[in-house]
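1. The sequence isn't on hand, but the structure is:
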């Protein structure tokens, strides 16, 4: 086992098999390699970090290009960024923030690789002629939106250019969902499995390797200064507590690290205050229990930011007594029982409320991407203004929720969510859940399988609380709602 492999395996617990496989595939810089590799796994499984660390430790920077397909959302941007990185070219004031060359299509990209890229009048960079060049595409599932010909070209880039180039695709979905009509070259598959409990605990412990282990106890006298040294067993116990409490609801390692880093100062607060000894784990957990409960609601659901949490934690540290948790325990407006909804289910509920209280004729105005100019009636003024002047029309909120077809609710839902919906989300299941919770009520006969109609069964205060939790300004999308 090489020194680099040992270093990488200690840095990334649970990824020894994948690191060894990638290092074997890469071999030496002059070796011929497989044309394409497809690496997939759940989010936060270490795909991007591991691949980037391997490339950084084994190759020169000009031998690999790392592209995020969310940032580079067109084929031209992917091609130009790849050539910039391979040629070690950085857009700056001197070159007027231009790329090393302009590439408009796949044909020009292939030709530039074959002929070489002219960096200056005297220097031409030949890509993949002597040493292997790597092109890493993170969030590769976005390639499906860039045309059906791009993915087959990338998978066979080495064959088409006649150069030693390896394309590595990183994705959270399986390759079967990339299939195109014309067919494509099959890459080598590599799966990053979910972390086990032991792997997760090791990753959390790595978070505290650089943490100051000596903490100062609260002074009983002005001239008396005492310290206590936290050992490895203490950090192991804290990581096990974090995993036990939060793993059931949160499988994301990055989220667990985020929560652990913010809770640690509050966990050691009783030790600083001389209330608990370092070895008394049960008492430590009892003191920290209220903060752990609040972390689930406030931090994981992002009801407050990490900066707000840290500011409140520092305030509690400075107080002589336990202090009050008024900030951390501030109530959130809720009705219909004490429950929390998943992220996309909240948007479905918002869409149902908008469909219940907005007239259908105004959907184009509020939810169409192109927008609609306000129609004016004879005599000037908008329809809304005329209705208000006449005073003969009751406002929608006074008439109660109207029934709407499910197709209309889904159209509004897809319009108000940010970006495209993840493939793993089952919208019909979310609608069933809302109906079970009585937040949606069936408005027509259950025997009718087609043309199902619903009503939204929540108040304006409740829907405003739901909208604020996902940072959605619902007031802007409600017609005549004051």
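-> All right, it came through fine. Computed from a prediction, not measured in an experiment: that's the story for all the values here. Residues are numbered from 1 along each chain as shown.
2. what residues does stretch 168-188 touch?
-> For stretch 168-188, the surrounding residues in contact (CB atoms under 8 Å, 6 or more residues apart in numbering) are 25, 34-43, 47-48, 51, 134-141, 143-144, 148-149, 151-152, 154-156, 159, 167, 189, 423. The way it works is simple: take the backbone N, C-alpha and C, and place the C-beta from them, glycine included.
3. Give the buried residues for it.
-> Neighbour counts over stretch 168-188 (16 or more other CB atoms under 10 Å) mark 168-172, 178, 184-185, 187 as buried.
4. coming back round to it: from the contacts of stretch 168-188, which would you call buried?
-> Among these, the ones that count as buried (16+ other CB under 10 Å) are 35-42, 47-48, 51, 134-141, 143-144, 151-152, 154-156, 167.
5. So which residues of the stretch 151-300 of the chain form helices?
-> Listed in chain order, the helices of the stretch 151-300 of the chain (DSSP state H, counting those that start in this stretch) span residues 157-161, 197-206, 232-246, 253-267, 269-272, 281-298.
6. Is it possible to get JSON lines of the ones you listed that adds distance to residue 459 and mean pLDDT?
-> Conversion of the helices of the stretch 151-300 of the chain to JSON lines gives the following (distance: least, CB to CB, whole Å; pLDDT from 0 to 100):
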{"stretch": "helix 157-161", "distance to residue 459": "57", "mean pLDDT": "94"}
{"stretch": "helix 197-206", "distance to residue 459": "41", "mean pLDDT": "93"}
{"stretch": "helix 232-246", "distance to residue 459": "32", "mean pLDDT": "90"}
{"stretch": "helix 253-267", "distance to residue 459": "32", "mean pLDDT": "87"}
{"stretch": "helix 269-272", "distance to residue 459": "39", "mean pLDDT": "88"}
{"stretch": "helix 281-298", "distance to residue 459": "21", "mean pLDDT": "81"}
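7. Dump these to CSV, plus distance to residue 216.
-> Listed next are these as CSV, based on distance: least, CB to CB, whole Å:
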stretch, distance to residue 216
helix 157-161, 58
helix 197-206, 23
helix 232-246, 16
helix 253-267, 13
helix 269-272, 7
helix 281-298, 18
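8. can you count the residues close to the nearest residue to residue 270 once chain neighbours are set aside?
-> Closest residue in space to residue 270, ignoring its immediate chain neighbours: residue 276 at 4.1 Å, by CB to CB, 6 or more residues apart in numbering. Neighbourhood size, residue 276 [other CB atoms under 10 Å]: 20.
9. Does residue 276 touch residue 287 like I think?
-> Yes: counting by CB atoms under 8 Å, residue 276 does reach residue 287; the two are 6.5 Å apart.
10. Now for those two: what residues contact both?
-> In the contact map built from CB under 8 Å, 6+ apart, the residues linked to both residue 276 and residue 287 are residue 270.
11. for the chain, what helix or strand is lowest in average pLDDT?
-> None of the helices or strands of the chain scores lower by mean pLDDT, DSSP states H and E than helix 383-390, at a mean of 44.
12. So which residues of the protein form strands?
-> Taking DSSP state E, the strands of the chain run over residues 36-41, 64-68, 117-118, 124-125, 133-138, 165-171, 188-192, 214-216, 227-229, 404-405, 440-442, 453-456.
13. a markdown table please, covering the buried residues of stretch 168-188 and showing pLDDT and distance to residue 407.
-> Shown next, in a markdown table, are the buried residues of stretch 168-188 (pLDDT from 0 to 100; distance: CB to CB, whole Å):
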| residue | pLDDT | distance to residue 407 |
| --- | --- | --- |
| 168 | 97 | 41 |
| 169 | 97 | 36 |
| 170 | 97 | 36 |
| 171 | 95 | 31 |
| 172 | 93 | 29 |
| 178 | 87 | 29 |
| 184 | 74 | 34 |
| 185 | 84 | 40 |
| 187 | 93 | 39 |
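14. closest to residue 306 among those residues?
-> If you rank these by distance to residue 306 using CB to CB, residue 172 comes first, at 24.6 Å.
15. could you measure the residue lying closest to residue 23 once chain neighbours are set aside against residue 288, distance?
-> Once its chain neighbours are removed from consideration, residue 23 has its nearest residue in residue 5; the separation is 5.9 Å (CB to CB, 6+ apart). Per CB to CB, to the nearest Å, residue 5 is found 39 Å from residue 288.
16. same question, residue 127
-> Residue 127 sits 55 Å away from residue 288, taking CB to CB as the criterion.
17. do the same with residue 240
-> 13 Å.
18. And the two? Which one has more around it.
-> Taking other CB under 10 Å, residue 240 and residue 288 do not tie; residue 288 has more neighbours (22 against 15).
19. just checking, residue 130 touches residue 32?
-> No: at 11.7 Å, residue 130 and residue 32 do not qualify as touching, with contact defined as CB under 8 Å.
20. rewinding a little: reformat the buried residues of stretch 168-188 as TSV; add distance to residue 360.
-> Rendered in TSV, the data for the buried residues of stretch 168-188 read as follows (distance: CB to CB, whole Å):
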residue	distance to residue 360
168	48
169	43
170	43
171	39
172	37
178	38
184	43
185	48
187	47
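21. Any stretches of the stretch 301-450 of the chain with poor pLDDT?
-> Scanning the stretch 301-450 of the chain for pLDDT under 70 picks out the ranges 301-305, 316-339, 369-398, 422-424, 445-450.
22. Now do the contacts for residue 270.
-> 276, 283-284, 287-288.
23. 7 Å instead, please
-> Shown here is residue 270, whose contacts under the criterion CB atoms under 7 Å, 6 or more residues apart in numbering are 276, 284, 287.
24. For residue 437, see how far away residue 345 is.
-> With distances defined as CB to CB, the gap from residue 345 to residue 437 amounts to 9 Å.
25. These two: which has the busier surroundings?
-> For residue 345 and residue 437, the more surrounded residue by other CB under 10 Å is residue 345, and the numbers stand at 20 against 16.
26. Could you double-check that the more buried one lies in contact with residue 431?
-> No: counting by CB atoms under 7 Å, residue 345 does not reach residue 431; the two are 8.8 Å apart.
27. how many other residues sit next to residue 348?
-> For residue 348, the count of nearby residues is 24 (other CB under 10 Å).
28. ok, it to residue 430 distance?
-> Counting by CB to CB, the separation of residue 348 from residue 430 is 5 Å.
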